[in-house]
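J.: A predicted structure for the sequence below; I have some questions about it.
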Amino acid sequence: MESPPKSSINLLTPKIDAHAHVGHFGSWCGVGVTAAEMVDLMAQYGIVKSLISYPDNAVTLAAQAAFPEKLVALAWLNPNEGRLAAETFDGLSQTGQIAGLKLHPLFNAYVADDEAVYPLMEIASHKELPVFIHSGHPPFSLPWSIGRLAELFPKARVVMVHMGHGHGVYIQAAIETAIKVDNVWLETSGMPMHTKILEAYNRVGSERLFWGSDLPFHHYAVEIIRTEVSGLNPRQLEAVFHDNVKKFLGW
């Protein structure tokens, strides 16, 4: 096998981070970043905007309010909260404060295609807001469950965050699911196999792959270099780093 190209991080290509978190995560994680720290790091690595979420939406919205040109809020909602989650999502969507919905089946302990998720998916479909779903951890967030959810709601635009995450079987399943289900997009953060970025670009579709960092769980440098050495040419890298998600969100 040919050696991947060497990379020094290209700071000239503008980047939009399709998946990041502001705030602090305790317990086993022990990681965190403030809005100001994030914006400072973004400037260092050529990142012009970041989609952010946090379990407490007040933290996310405060960060967006402090840096409205840089940070864009997703509403993190827990379907287990039933009507409260749906009412919160509907209310935030009416105010125009959010760019989409974040679901984390692992963190909040539900299976991605559980019926409890349906009311939120109905709102997302009606409001034409994208849904970003954590993937890669059994039994809650497997690619097959996310694919079935997307099939049940064909008008929803579903982004499979981490495109299967750290397990090779789940990574391949994410790619195969996105090929089969045309309202599924893939996001790269935390996925260790640089070769699968190129495969997803070629097999899923050139516009259906987004770069993300998962800050503060992963460093920008690591996530950028993995994508740069994937085998994509400079124009394709621009699409994955910036153009695809910009078009997807209608910016």
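T.: Received it, and whenever you're ready, just let me know what you need. Numbering: from 1, shown residues only.

J.: number of residues surrounding Q64?
T.: When neighbours are counted by other C-beta atoms under 10 Å, Q64 registers 22. C-beta coordinates here come from the backbone N, C-alpha and C atoms, glycine included.

J.: that one belongs to a helix, doesn't it?
T.: Yes - counting by DSSP: H, G, I helix; E, B strand; the rest coil, Q64 falls inside a helix.

J.: list the contacts of it.
T.: Q64 makes contact with I52, L71, V72, A73, Q97, according to C-beta atoms under 8 Å, 6 or more residues apart in numbering.

J.: go again using 7 Å as the cut-off
T.: Counting by C-beta atoms under 7 Å, 6 or more residues apart in numbering, Q64 makes contact with L71, V72, A73.

J.: also V111?
T.: P105, P139, F140, S145.

J.: now do the SS call for G147.
T.: helix.

J.: run a quick neighbour tally on the spatially closest residue to it that is not a sequence neighbour.
T.: Excluding its sequence neighbours, the residue lying closest to G147 (C-beta to C-beta, 6 or more residues apart in numbering) is T177, at 3.8 Å. T177: 27 surrounding residues under other C-beta under 10 Å.

J.: host element of T177?
T.: Per DSSP states H and E: T177 is located in helix 168-180.

J.: which helices and strands does the first helix or strand past that helix going along the chain pack with?
T.: Following helix 168-180 in sequence order, the next helix or strand is strand 184-187 (DSSP H and E). Applying 3 or more C-beta pairs under 7 Å, 6 or more residues apart in numbering; DSSP states H and E, one finds that strand 184-187 contacts strand 158-161, helix 168-180, strand 209-210.

J.: what helices or strands is the first one leaning on?
T.: In this structure, strand 158-161 makes packing contacts with strand 131-134, helix 143-152, strand 184-187, judged by 3+ C-beta pairs under 7 Å, 6+ apart.

J.: would you agree A99 falls within a helix?
T.: No - using three-state DSSP, the assignment for A99 is coil, not a helix.

J.: send over stretch 140-147 as CSV, restricted to the C-alpha atoms.
T.: Listed next in CSV are the C-alpha coordinates belonging to stretch 140-147 (Å, rounded to 0.1, in the frame of the first residue of the first chain):
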residue,chain,number,x,y,z
PHE,A,140,-28.0,2.7,21.5
SER,A,141,-26.4,4.4,18.5
LEU,A,142,-25.7,1.8,15.9
PRO,A,143,-25.6,2.9,12.2
TRP,A,144,-28.4,0.4,11.3
SER,A,145,-30.8,2.0,13.9
ILE,A,146,-30.0,5.5,12.6
GLY,A,147,-30.6,4.3,9.1
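
J.: please consider this matter closed, and thank you.
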